[in-house]
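**Q** after the sequence you'll find the predicted model.
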Amino acid sequence: MAMLEIGSHCEWKECASLDFLPIVCKFCERTFCSRHAPQGQHHCTGATAPSDPTDRAAASAAPELQCSVSDCRVHGAQVIVCDKCAAAVCLVHRHYDQHTCHTAPETLQEKSRRELTAMVAQAKQQAQARPKPRKQLTAKARVTLAKVFFQCFGHEEML
């Protein structure tokens with residue numbers, strides 16, 4: 001049975017294992033398995049480490065983000081920037097309803113409530129626009145109507 005062309009082999013010379021979800025190093029652009037993908041594991045030559053001490057100081061002086069939600073003390077690598085409101089939030093508060101995102105899309109519950117209200121209003125309008133159905137005649141009313149009919153036109157056999 002022929003092997004499928006899925007995945008690729010790890011480019012680390014001692015490994016060469018077939019990985020179905022290979023990772024491409026963003027520095028050297030080589031393909032590795034999950035064990036050898038980190039930069040330190042495959043001795044990446046494409047990474048540019050700052051050689052000048054002032055560059056190292058500038059790199060370490062980069063501002064460290066902290067979660068913008070009050071009473072949250074998470075900072076560093078666990079903080080991301082919201083793509084809607086550009087607020088720095090941790091992974092716990094990344095959802096729009098967790099960090100009071102002002103440009104958040106409408107939640108599913110709000111959307112269904114709005115749609116349900118619109119459907120009820122439309123049904124009420126249609127009910128008011130429809131002509132009311134005629135009342136069903138009771139047996140006594142039908143007998144009275146038949147007597148009046150016979151008095152006006154006579155019985156069918158008599159015609």
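**A** Good, I have the coordinates.

**Q** which element follows the lengthiest helix in the chain toward the C-terminus?
**A** In the chain, with assignment by DSSP state H, the single longest helix is helix 108-129. Later in the chain than helix 108-129, the nearest helix or strand by DSSP states H and E is helix 139-153.

**Q** would you mind writing the CA trace of that next one as CSV?
**A** What follows is helix 139-153, C-alpha atoms only, in CSV (Å, rounded to 0.1, in the frame of the first residue of the first chain):
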residue,chain,number,x,y,z
ALA,A,139,-78.1,25.3,15.9
LYS,A,140,-80.9,27.6,17.0
ALA,A,141,-79.7,30.4,14.7
ARG,A,142,-79.5,28.0,11.8
VAL,A,143,-83.1,26.9,12.3
THR,A,144,-84.2,30.5,12.5
LEU,A,145,-82.4,31.4,9.3
ALA,A,146,-83.9,28.4,7.5
LYS,A,147,-87.4,29.5,8.5
VAL,A,148,-86.9,33.0,7.2
PHE,A,149,-85.5,31.5,4.0
PHE,A,150,-88.5,29.3,3.5
GLN,A,151,-90.9,32.2,4.2
CYS,A,152,-89.2,34.3,1.5
PHE,A,153,-88.7,31.8,-1.2
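
**Q** worst-scoring helix or strand of the chain, pLDDT-wise?
**A** One helix or strand of the chain scores below all others by mean pLDDT, DSSP states H and E: helix 53-60, with a mean of 47.

**Q** just list what the following helix or strand past it packs against, helices and strands only.
**A** Where DSSP H and E defines the elements, the next helix or strand beyond helix 53-60 is strand 79-81. Helices and strands touching strand 79-81, as assessed by 3 or more Cβ pairs under 8 Å, 6 or more residues apart in numbering; DSSP states H and E, comprise strand 88-90. Yep, even glycine has a C-beta here, placed from its N, CA and C like the rest.

**Q** what's the strand it packs on in contact with?
**A** The contact list for strand 88-90 (Cβ atoms under 8 Å, 6 or more residues apart in numbering) reads 65-69, 72, 74, 78-82, 98-99.

**Q** burial measure for Arg142, as a count.
**A** 11 (other Cβ atoms under 10 Å).
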